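Trainee: model this:
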Amino acid sequence: DPPEPTTPSIIQCCLSARLSVYRLYFATVRVKPKNSASTHYFSTDEEFIYESFYADFGPLNLAMLYRYCCKLNKKLKSMISRKKLVHYTSYDQKKRANAAVLIGAYAVIYLKRSPEEAYRTLISGNNAGYMPFRDAAVGECSFNLTVLDCLQGIRKALQHGFLDFESFSAEDYEHYERVENGDMNWIIPGKILAFSSPHPRSKVENGYPLHAPEAYFAYFRQNEVRAVVRLNRKLYEGRRFEDAGFDHHDLFFQDGTTPSDLIVRRFLHVCESSEGAVAVHCKAGLGRTGTLIGCYLMKHFRFTAAEAIAWIRICRPGSIIGPQQNFLEEWV
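Mentor: Numbers count the residues shown, from 1 in each chain. Modelled structure (predicted):
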């Protein structure tokens with residue numbers, strides 16, 4: 001069942017388990033704390049684990065955020081609800097940042113805190129701050145994505161109805177994000193879907209499932225996808241989608257690079273003129289795909305670059321890489 005809102009309470013961040021009259025806390029600890037008659041401790045550091053591509057380590061995906069909210073709502077409503085509830089994390093900076101996004105997002109979604117209020121609470125009494133997230137690349141990082149950026153992206157998605165845990169299915173998300181089931185994620189439900197490139201035929205190559213265009217037809221029809229946009233080199237015949245009733249558009253630009261103004265304008269026009277949803281892919285459906293979707297979020301929903309990058313990565317981890325991050329920062 002989707003998580004239900006609970007009675008508002010306060011999140012308090014501290015470097016050790018410093019408790020007060022409030023019920024919900026966030027703590028960074030060196031030693032695993034023990035439950036007491038008045039306090040229940042829990043951690044999600046070993047439950048929700050980010051699968052990195054390279055040097056990236058978060059934020060955690062949308063299904064993990066949903067499951068965390070379910071877990072926390074259940075705890076707050078259960079017998080232990082009369083106890084103080086402490087979400088604790090370790091001094092592992094990567095796990096700590098991911099945990100902060102989880103409880104901060106809960107405060108934004110369910111306790112109706114602003115991202116800034118939630119973040120202020122998370123850093124109160126805490127001089128260490130939080131390690132910023134980075135792109136799924138090797139080498140130097142040219143763009144830091146902060147915990148606050150993630151909370152602001154989540155709030156924007158809430159405001160525009162992209163994030164709705166009453167109707168969200170974690171099972172569907174986890175099913176379709178798997179490569180064998182299409183490697184697909186909705187960034188804007190009902191409007192923009194990101195996926196990896198189809199291939200000439202469905203087969204398993206070196207243990208990696210590849211899908212022909214026909215493998216997507218049923219799902220696309222069920223979800224009113226009307227147009228497909230290809231950003232990578234031609235691996236399949238576009239007419240296979242067209243013959244099945246889908247519009248197909250080629251907007252090629254090089255892997256790892258940023259799009260020209262013409263490519264951006266053409267992409268926006270496709271999305272704006274399509275009567276149904278648009279499915280977008282490059283080779284992996286991460287860098288080029290995420291970048292153009294980011295432009296759409298920024299133009300139509302007034303996301304900042306950081307908010308767009310945060311939301312897209314929560315929906316589809318690993319998206320938007322290297323100079324593509326800086327391109328979005330500078331794009332107007």
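
Trainee: Can you check the pLDDT for S20?
Mentor: Per-residue confidence at S20 stands at 31 (pLDDT).

Trainee: do the same with L122
Mentor: We note a pLDDT of 93 for L122 in this prediction.

Trainee: One more: P323?
Mentor: The score at P323 is 96. That number is its pLDDT.

Trainee: Tell me the spacing between it and G256.
Mentor: P323 is 8 Å from G256, where distance means CB to CB, to the nearest Å. All C-beta spots, glycine's among them, are computed from the backbone N, C-alpha and C.

Trainee: in the chain, what residue sits furthest out from the centroid?
Mentor: Among residues of the chain, the one most distant from the C-alpha centroid is A37; the distance is 36.9 Å, by CA atoms, centre = their mean.

Trainee: Excluding chain neighbours, what is closest to that residue?
Mentor: The shortest distance from A37 to any non-neighbouring residue, by CB to CB, 6 or more residues apart in numbering, is to K83 (7.9 Å).

Trainee: if we can go back for a sec, roughly how far apart are the residue farthest from the centre of the chain and Y88?
Mentor: Per CB to CB, A37 is found 18 Å from Y88.

Trainee: what's the burial count for the residue nearest to A37?
Mentor: K83 has 17 neighbours, counted by other CB atoms under 10 Å.

Trainee: Over to P323?
Mentor: For P323, using other CB under 10 Å, the count is 15.

Trainee: one step back: enumerate every residue touching the residue nearest to A37.
Mentor: Neighbour list for K83: R23, A37, S38, T39, H40 [criterion: CB atoms under 8 Å, 6 or more residues apart in numbering].

Trainee: same deal with V264?
Mentor: By CB under 8 Å, 6+ apart, V264 lies in contact with L292, C295, W331.

Trainee: If we use 6 Å, what do you get?
Mentor: Taking CB atoms under 6 Å, 6 or more residues apart in numbering, we find V264 in contact with C295.

Trainee: And the one helix or strand it maps to, what's buried?
Mentor: Under the criterion of DSSP states H and E, V264 resides in helix 261-273. Across helix 261-273, burial judged by 16 or more other CB atoms under 10 Å covers I263, V264, R266, F267, V270, C271.

Trainee: Tell me the pLDDT of the residue farthest from the centre of the chain.
Mentor: For A37, the pLDDT comes out at 89.

Trainee: how about the strands in the stretch 1-150 of the chain?
Mentor: Using DSSP state E, counting those that start in this stretch, the strands assigned to the stretch 1-150 of the chain run over residues 11-14, 24-28, 39-42, 84-89.

Trainee: Spatially central residue for this protein, please.
Mentor: Closest-to-mean residue, the chain, CA atoms, centre = their mean: I314 / 0.8 Å.

Trainee: Quick check: next helix or strand after the helix or strand that one falls within?
Mentor: Assigned by DSSP H and E, I314 belongs to helix 305-315. Per DSSP H and E, the first helix or strand lying C-terminal to helix 305-315 is helix 323-330.

Trainee: From the contact counts, what lies against that following helix?
Mentor: helix 287-301 (3 or more CB pairs under 6 Å, 6 or more residues apart in numbering; DSSP states H and E).

Trainee: Find the residue closest to L251 in space, skipping its chain neighbours.
Mentor: I263 (5.1 Å).

Trainee: Next one: that neighbour, what pLDDT does it get?
Mentor: pLDDT, I263: 98.

Trainee: Just want to check the distance between it and V101.
Mentor: 32 Å.

Trainee: before we move on, what about F162?
Mentor: From F162 across to V101, the span is 17 Å (CB to CB).

Trainee: Who has more neighbours out of the two?
Mentor: Neighbours around F162 and V101, counted as other CB under 10 Å, are more numerous at V101. The numbers are 29 against 22.

Trainee: Any figure for the gap between the more buried one and H300?
Mentor: For V101 relative to H300 (CB to CB), the value is 25 Å.

Trainee: Check Y119 too.
Mentor: Distance of Y119 to H300, given as CB to CB: 26 Å.

Trainee: The two: which is more packed in?
Mentor: Neighbour comparison, Y119 and H300: the larger count goes to Y119, with 24 against 14 (by other CB under 10 Å).

Trainee: returning to what we had before: reformat the buried residues of helix 261-273 as a markdown table; add distance to E242.
Mentor: As requested, the buried residues of helix 261-273 are exported to a markdown table (distance: CB to CB, whole Å):
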| residue | distance to E242 |
| --- | --- |
| I263 | 20 |
| V264 | 23 |
| R266 | 17 |
| F267 | 18 |
| V270 | 14 |
| C271 | 18 |
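
Trainee: G238 against H248, yeah?
Mentor: Yes: here G238 reaches H248: they are 4.0 Å apart, a contact under CB atoms under 6 Å.
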